[in-house]
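Visitor: Return atomic coordinates for the entry below.
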Amino acid sequence: MPEAVTSPENVPETESDKDLGGGDGRGRHGARRRGTSPVDWPVFIGAAAIIVAFVLWAWLLPGQAETVIFGAMDWVATYFGWYYVLTAAIVVVFVVIVAFSRLGQTKIGPDHSKPKYNVFTWAAMLFAAGIGVDLMFFGISGPATNYLTPPDVAPLSDEAARIAPLWTIFHYGIPGWAMYALMGMAFGLFAYRYHLPLSIRSALAPIFGKRIRGGVGHTFEIAATIGTIFGISVSLGIGVVFLNYGLSAMFGIPTSIAVQIALMALAVFITILSTVSGVDKGIRRLSELNVVLAIVLMLWVLFSGKTHELLNALVQNIGDFFSRFPSMLMNTFAYSDGAPGYPADQWMADWTLFFWAWWIAWAPFVSLFLARISRGRTLRQFVVGVLLIPFAFILLWVSIFGNAALSFFGAGDTEFLELSVSLPESGFFTLLEQYPGAAFTIPLAVVTGLFFYVTSADSGSLVMANMTSKPSVKDEDGPAWLRIVWAVITGALTLVMLFIEGVYTLQAATVMIGLPLSVLVYLIMFSLWKVLRSERTSLESREAILPALLSSRIREDGDRGNWRRRLAHRMSFASAADVTRFVEGTAAPAVEEVAAELRSMGADVDCHRGSHPESSLPYIDLVVRFPEQEDFKYQAYPVEYALPSFAMNLSAVRDTFYRLEIFSAHGSKGRDIMGYTKEQVISDVLDAYDLHILYMSMNGDQGAPTGPIPVNVPHQWPDTDAPATGTLPAVAAGSTADHSRSTEEKND
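Guide: Model (predicted):
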């Protein structure tokens, strides 16, 4: 899977990454003081014990381990191949439906949040997530295998050549990225919209409620940790054998276990070095440089060879892929025998099932990165970007390199073909030998693969440390020693698998591990469906209440208010003094009057005044708590904006002005109440309250109302009890508004 993903520690964060419950330790300019999360001992001990036991078993009894691993893979392929194929198809359909339904406008973050990155920067980071050493490994061996031993057409035929790159593009393409999109939506919504920690258990909170803090949560965290370490081990194993062959081609270094042990030791050493000396930024820069080097290699092959033929093939590959995608997505080869000596079901186990299991194993890691760079974007933007932007590069890579190799295969270079199938790590280097400048491009490929490899090892150990630490809404990393421990354990797992039968053993083990992990995919889908159903109810309730809100504003004499006051407000731009006078003289007394009336009727009300943490401007916050339902929140909060160029009639020249925006539990939609009369403010509070009552009623009509999970503890999961299932509140009661809009727009 993609290995060029910047580690979560290195992802730049926006000012709006803070939780809505009391800040996160940032300074005035958003510089964050990072700490470490405490170790989650049940998860760490459970996951480490299982992996270490597996490593010892495979080391001491390699013959038995080989029998069990390959036997399990055969069993899964025989009886659950259809299940893997169906699961991938369901995930694709699910994320596409979410993206293009009305819910696609739901933001990963509060309603008022803005993306940290512009479209180009965001696309570039998504693009970088699609490149890794495994793409160099399979970019040649995949099409070669599909040409020599295709699953459903005649070997070495024109049709085999046509379909050969398509299957590799398919396995690296939309279905796998749909799994990332699914997990990414879960991470993003629960962390940035519902303000829960970035963890697997957060994404399962609507299903299991308070039990996610105990054994149930630990179980899923352990399972995700085990799956992730196997996914990382596959990438490291591929990197080891790929680099070993490259060093052999360059310097005559033998291809041996001893060299592979040395390369694995190098990865562990780099991880320790980056942990104790803080060279993560250097590794990140090297990873970014590798993206450039990979593009250079691709363009070299494209323009130093038969450019027009490769471009013809690329255009046809694009058309063939999208025209055949539905049938490829659901193809179980029920009516195909496969190539002689390579049955179709074995081909499916080695390729489709392996890749789907590998994507599932990698999903928690990569999805975390994707969610963190996508805060403020809508689900539609997120899904479309994740599905298409990395895939576009993968399609280019596989088509150019795969068809370049096929041109030699079709010309009768059987030695190159058979070597690429039997020794897949050789294919990329052998292809470069066919082009001019091999003395330059082969070392460049080795350097590119080397740093993809060490970056994968380093970021992988960081993710493992984070997954076995207590989740926090501050996204803090696990302790340094834990990162080193996981680097060593991952290296040991990779080596014992290579000792048995090389990369193929890692692939077989991944297919085996992917089956139980696939249950997590369905749980994530169900959890997302529950919260998105709640979002849909909220949207429908706003539409249903609109006529009543409009009619409630009309006075008995038909007067809709003082139009001159309204016009004056539109022609003015409030200063800090204006906001202070309005909040203290009109808005706060109006909200407090409603709060007092609600309290006299027996409601559980919290109403307080506060001040902006930087400007000290006042705000007013009203929260009404409901048992077993989401709290009602009405907060009038000053938000600073740059003064527009069309501003007129200003008594003083200013660079900024203020709006008094209303924040609900889901953020602000930009509604400004500056200039309202006291009665209008009261009416606005009642309108919002009516909307919330209708929302709760409509939510109850869909099923028994279930309780929220408290999220107002800033550093870890709360200890207060909550019902076993329930809807998630978007913000803890009494928390302050996420006032990121002013900061981000000023920065822009």
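
Visitor: Which residue ranges of the stretch 551-700 of the chain form helices?
Guide: For the stretch 551-700 of the chain, the helices defined by DSSP state H, counting those that start in this stretch occupy 563-570, 576-582, 588-600, 678-701.

Visitor: Kindly apply the preceding question to the stretch 101-250 of the chain instead.
Guide: All helices of the stretch 101-250 of the chain, identified by DSSP H, counting those that start in this stretch, fall at 119-128, 133-148, 158-171, 174-188, 200-203, 205-208, 215-251.

Visitor: least reliable of those helices going by mean pLDDT?
Guide: When the helices of the stretch 101-250 of the chain are ranked by mean pLDDT, helix 119-128 comes last with a mean of 85.

Visitor: which helices and strands sit right next to it?
Guide: helix 280-304, helix 379-410 (3 or more Cβ pairs under 8 Å, 6 or more residues apart in numbering; DSSP states H and E). Backbone N, C-alpha and C define where each C-beta goes, glycine included.

Visitor: Tell me what angle the longest one forms with helix 174-188.
Guide: It stands for helix 379-410. Counting by axes from the mean of the first three to the mean of the last three Cα atoms, to 10 degrees, helix 379-410 lies at 150 degrees to helix 174-188.

Visitor: related to what we said a few turns ago, could you dump the helices of the stretch 551-700 of the chain into a markdown table with distance to residue 108, mean neighbour count and mean pLDDT added?
Guide: Output for the helices of the stretch 551-700 of the chain, formatted as a markdown table (distance: least, Cβ to Cβ, whole Å; neighbours: other Cβ atoms under 10 Å; pLDDT from 0 to 100):
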| stretch | distance to residue 108 | mean neighbour count | mean pLDDT |
| --- | --- | --- | --- |
| helix 563-570 | 33 | 11 | 65 |
| helix 576-582 | 30 | 17 | 92 |
| helix 588-600 | 30 | 17 | 94 |
| helix 678-701 | 21 | 18 | 80 |
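
Visitor: for those, which one sits closest to residue 507?
Guide: helix 678-701 (45.6 Å; Cβ to Cβ).

Visitor: Only alpha carbons, please: show that closest one as CSV.
Guide: The C-alpha atoms that make up helix 678-701 are tabulated as CSV, following Å, rounded to 0.1, in the frame of the first residue of the first chain:
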residue,chain,number,x,y,z
LYS,A,678,-33.9,42.5,22.0
GLU,A,679,-37.2,41.0,20.8
GLN,A,680,-35.6,39.8,17.6
VAL,A,681,-32.8,38.1,19.5
ILE,A,682,-35.3,36.4,21.7
SER,A,683,-37.3,35.3,18.7
ASP,A,684,-34.0,34.0,17.1
VAL,A,685,-33.3,31.9,20.2
LEU,A,686,-36.8,30.5,20.2
ASP,A,687,-36.5,29.7,16.5
ALA,A,688,-33.4,27.7,17.1
TYR,A,689,-35.0,26.0,20.1
ASP,A,690,-38.0,25.0,18.0
LEU,A,691,-35.7,23.6,15.4
HIS,A,692,-33.9,21.5,18.0
ILE,A,693,-37.2,20.2,19.5
LEU,A,694,-38.3,19.2,16.0
TYR,A,695,-35.0,17.6,15.3
MET,A,696,-35.3,15.5,18.5
SER,A,697,-38.8,14.5,17.7
MET,A,698,-37.9,13.4,14.2
ASN,A,699,-34.9,11.5,15.5
GLY,A,700,-37.1,9.7,18.0
ASP,A,701,-39.6,8.7,15.2
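
Visitor: quick one, helices of the stretch 401-550 of the chain?
Guide: 414-422, 427-433, 438-467, 480-501, 503-553.

Visitor: From the chain's centroid, how far away is the first one?
Guide: It refers to helix 414-422. Here the centre of helix 414-422 is set off from its chain's centre by 37 Å, with Cα atoms, centre = their mean, to the nearest Å.

Visitor: Now it: buried residues?
Guide: Within helix 414-422, the residues that qualify as buried are 416, 417, 419, 420, 421, counting by 16 or more other Cβ atoms under 10 Å.

Visitor: measure residue 419 to residue 305 for me?
Guide: From residue 419 across to residue 305, the span is 19 Å (Cβ to Cβ, to the nearest Å).

Visitor: Using TSV, lay out the helices of the stretch 101-250 of the chain together with mean neighbour count and distance to residue 485.
Guide: Listed next are the helices of the stretch 101-250 of the chain as TSV, based on neighbours: other Cβ atoms under 10 Å; distance: least, Cβ to Cβ, whole Å:
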stretch	mean neighbour count	distance to residue 485
helix 119-128	17	28
helix 133-148	26	24
helix 158-171	22	33
helix 174-188	27	24
helix 200-203	26	20
helix 205-208	23	28
helix 215-251	23	12
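
Visitor: Quick one: those as TSV, columns for distance to residue 669 too.
Guide: Output for those, formatted as TSV (distance: least, Cβ to Cβ, whole Å):
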stretch	distance to residue 669
helix 119-128	22
helix 133-148	42
helix 158-171	41
helix 174-188	19
helix 200-203	25
helix 205-208	24
helix 215-251	34
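
Visitor: Among the ones you listed, which comes closest to residue 665?
Guide: The nearest among these, by Cβ to Cβ, is helix 205-208 at 15.6 Å.

Visitor: who does that closest one touch, helix- and strand-wise?
Guide: Counting contacts by 3+ Cβ pairs under 8 Å, 6+ apart, helix 205-208 packs against helix 503-553.

Visitor: Go again with 10 Å.
Guide: Judged by 3 or more Cβ pairs under 10 Å, 6 or more residues apart in numbering; DSSP states H and E, the packing partners of helix 205-208 are helix 215-251, helix 503-553.

Visitor: tilt between the first one and helix 503-553?
Guide: Between helix 215-251 and helix 503-553, the angle formed by their directions is 130 degrees, by the same axes, to 10 degrees.

Visitor: gap between the helix or strand just after helix 215-251 and the chain center?
Guide: Per DSSP states H and E, the first helix or strand lying C-terminal to helix 215-251 is helix 257-277. When C-alpha coordinates are averaged (Cα atoms, centre = their mean), helix 257-277 and its chain have centres 28 Å apart.
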